[in-house]
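Asks: Just need the structure, nothing else, for what follows:
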Amino acid sequence: MKNKLKILAYSLVVLITSTSCAEKQKEQSTGENKIQQSVNPNGDSELATLMREMFDEAKSIKQQIANGKPVELIIDHEKMLTAHATEPEKAASAQYKMFADLYLQSIKNLESAKTNEVDSLYNTMVVSCLNCHKALCPGPLVKIKKLQ
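Replies: Okay, the predicted model is just below:
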């Protein structure tokens, strides 16, 4: 009888442990899937994905400036002129092109900035993002303001 109880207790411990591990793996894989899933339920356009990358790079630039390091850009910002947009008619408008040109100029200025100009030119870049999004796509404004 004691052996049967020991076997039963041991079996319960193994069962509980394996179930617990399986739940953790399920939670982890669900978490990974959330990262890979699109923010937009209809999928993300090429331009939306690019702008998220641009936001991440802007955060990195802000950190570089705070640490006194030179600004390093990785993304090809010019793609914003040709990337497929969620609303193609907005990206094809003269207004979008004007804002894009102003943004691209702010990026060029930031890349070639002297150390004492970097803060000001970074803020100019963020303002160019805000101005465009105020006019054409206000959704990300709260997020962009965090770059200031």
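
Asks: following the lowest-mean-pLDDT helix or strand in the chain, which helix or strand comes up?
Replies: Here the helix or strand of the chain ranked lowest by mean pLDDT, DSSP states H and E is helix 2-36, holding a mean of 47. Using DSSP states H and E, the helix or strand that follows helix 2-36 in sequence is helix 46-66.

Asks: That next one packs against which elements?
Replies: helix 118-136 (3 or more Cβ pairs under 8 Å, 6 or more residues apart in numbering; DSSP states H and E). The C-beta positions use only the backbone N, C-alpha and C, and glycine is treated the same way.

Asks: Quick one: name whatever helix or strand follows the helix it packs on.
Replies: Taking DSSP H and E, what comes next after helix 118-136 is helix 141-145.

Asks: Hmm, Lys143 is touching Phe55, no?
Replies: Yes - between Lys143 and Phe55 there is a contact at 6.7 Å, judged by Cβ atoms under 8 Å.

Asks: Which one's more surrounded, those two?
Replies: More crowded of Lys143 and Phe55, by other Cβ atoms under 10 Å: Phe55, with 16 against 12.
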